[in-house]
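Asker: Quick one: sequence plus predicted model below, questions after.
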Amino acid sequence: MSDSSLPAVGRTVDPRRIGANTEPVSQRGPNGHGAPTVFDIKDVNVFYGAYNAVKDVNFTVAKNEITALIGPSGCGKSTLLRSLNRMNDLIPGARVEGTVAYHGKDVYAAGVDPVEVRRRIGMVFQKANPFPKSIFDNVAYGPRIHGVPRAEREAIVEDSLKKAALWDEVKDKLKQSALALSGGQQQRLCIARTIALAPEVVLMDEPCSALDPIATARIEELMVDLARQFTIVIVTHNMQQAARVSDKTAFFSTEVNELSDTRTGVLVEFDDTQRIFTTPADERTENYVTGRFG
Ligand SMILES: Nc1ncnc2c1ncn2[C@@H]1O[C@H](COP(=O)(O)OP(=O)(O)OP(=O)(O)O)[C@@H](O)[C@H]1O
């Protein structure tokens, strides 16, 4: 997208500046109340061909908060997450209706460049997917293809690895293959690779589901730390994880269409995480979070 097509906000700076970015992190108030809105998701429907996978979703994502998307398998959490940075564009037949407003501008509007959307709104996947390259080259990859000179890339790599809490473990072996790292280290490397592009938002699709409890705890700590600087939306199967790390929770479920015998994901309830897990408004949420369903 051209610079004029999305509003300039937060750290939407040239990625080469990230290495020099030592500005203090944003204020993260108690549960982030009063934080500016980053996403305003209005009446969003996502289709795969004729199949309506997620229906009529409305919620907002506030800056420097962690928003968790939870719900039973197949309720469309990943589908909805991918709609926030146009990753669904890469799936043949996928289509989004409604509005995904990012700082007031629809990411699906004509003239918006999906590559720039994905730079500002980065994504970390369920399974760590480092490139078969060195640790350094994994993190430097994005800045390099965006034309950042090598000298500046070094500062970006160091800064990103520090922010991803991996620097101390890898600083003496940056030229070694990323594939030799443990699963948890590889996932932190993928987080470093994402933040090397200076996004404002980091989307995480079950980032701990392939990790052991110790590596999971490490990533959870990292998420809370990163939320001081980035806005995070996470899909998780792990309700305890949502309760531990997130400020807001969106609970999704499915509705059965008896005519077509298909299931469509719906957003049942969106609220402060504490409320979702203690005094939810909807019985379906209560049944899910208390383990009576799902
Ligand atoms: N590429 C695709 N093509 C067609 N249907 C898809 C595609 N991806 C997902 N779906 C369908 O869309 C629905 C929602 O899937 P999605 O993966 O978003 O759910 P989810 O809540 O993230 O599930 P899980 O927790 O199991 O990962 C499911 O019925 C799924 O089969």
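Answerer: Yep, that arrived.
Asker: mind listing what residue 201 touches?
Answerer: Shown in contact with residue 201 (C-beta atoms under 8 Å, 6 or more residues apart in numbering): 38, 39, 61, 84, 85, 120, 121, 122, 230, 231, 232, 233. Bear in mind the C-beta positions are built from the backbone N, C-alpha and C, glycine included.
Asker: Once you drop chain neighbours, what's closest to the fifth one?
Answerer: Put plainly, it is residue 85. Nearest non-adjacent residue to residue 85, counting by C-beta to C-beta, 6 or more residues apart in numbering: residue 121, 3.7 Å away.
Asker: swap in the second one?
Answerer: Of all residues beyond its chain neighbours, the one nearest residue 39 is residue 61 (4.0 Å), with distances taken as C-beta to C-beta, 6+ apart.
Asker: List the neighbouring strands of the helix or strand where that neighbour lies plus their orientation.
Answerer: For residue 61, the enclosing helix or strand under DSSP states H and E is strand 51-62. Paired neighbours of strand 51-62 in the sheet (DSSP bridges): strand 37-48 (antiparallel), strand 262-272 (parallel).
Asker: Now the last one: buried residues?
Answerer: Residues of strand 262-272 classed as buried under the neighbour-count rule (16 or more other C-beta atoms under 10 Å) are 263, 264, 265, 266, 267, 268, 269, 270, 271, 272.
Asker: of the residues you listed, list those near the ligand.
Answerer: Within the set of the buried residues of strand 262-272, contact with the ligand (C-beta under 6 Å from any ligand atom) is found for residue 265.
Asker: Among the buried residues of strand 262-272, pick out the one closest to residue 214, please.
Answerer: Of all those, residue 214 sits closest to residue 272, with 28.8 Å by C-beta to C-beta.
Asker: hey, what's the closest one bridged with?
Answerer: Under the criterion used (DSSP bridges), residue 272 bridges to residue 248.
Asker: Touching, residue 165 and residue 185? I think so.
Answerer: No. Assessed by C-beta atoms under 8 Å, residue 165 is found out of contact with residue 185, at 10.0 Å.
Asker: Between these two, which is the more surrounded one?
Answerer: Neighbour totals were compared for residue 165 and residue 185, and residue 185 leads with 21 against 18 (other C-beta atoms under 10 Å).
Asker: Can you tell me the SS state at that one?
Answerer: helix (DSSP: H, G, I helix; E, B strand; the rest coil).
Asker: Same list (the strands paired with strand 51-62) but as a markdown table, adding distance to residue 140.
Answerer: Shown next, in a markdown table, are the strands paired with strand 51-62 (distance: least, C-beta to C-beta, whole Å):
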| stretch | distance to residue 140 |
| --- | --- |
| strand 37-48 | 27 |
| strand 262-272 | 38 |
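Asker: Need the ones you listed in JSON lines (columns: mean pLDDT).
Answerer: What follows is the strands paired with strand 51-62, written out as JSON lines (pLDDT from 0 to 100):
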{"stretch": "strand 37-48", "mean pLDDT": "98"}
{"stretch": "strand 262-272", "mean pLDDT": "96"}
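Asker: now for those strands, which one comes closest to residue 189?
Answerer: Here strand 37-48 is closest among those (C-beta to C-beta), at 25.4 Å.
Asker: List the buried residues in that closest one.
Answerer: For strand 37-48, by 16+ other C-beta under 10 Å, it's 38, 39, 40, 41, 44, 45, 46, 47.
Asker: That one and the ligand in contact?
Answerer: Yes. Strand 37-48 reaches the ligand (C-beta under 6 Å from any ligand atom) through residue 48.
Asker: so what's residue 235 bridging to?
Answerer: Going by DSSP bridges, residue 235 forms beta bridges with residue 69, residue 205.
Asker: what's the burial count for it?
Answerer: Per other C-beta under 10 Å, the neighbour tally for residue 235 reads 25.
Asker: And for residue 238?
Answerer: Close neighbours of residue 238, defined as other C-beta under 10 Å, add up to 17.
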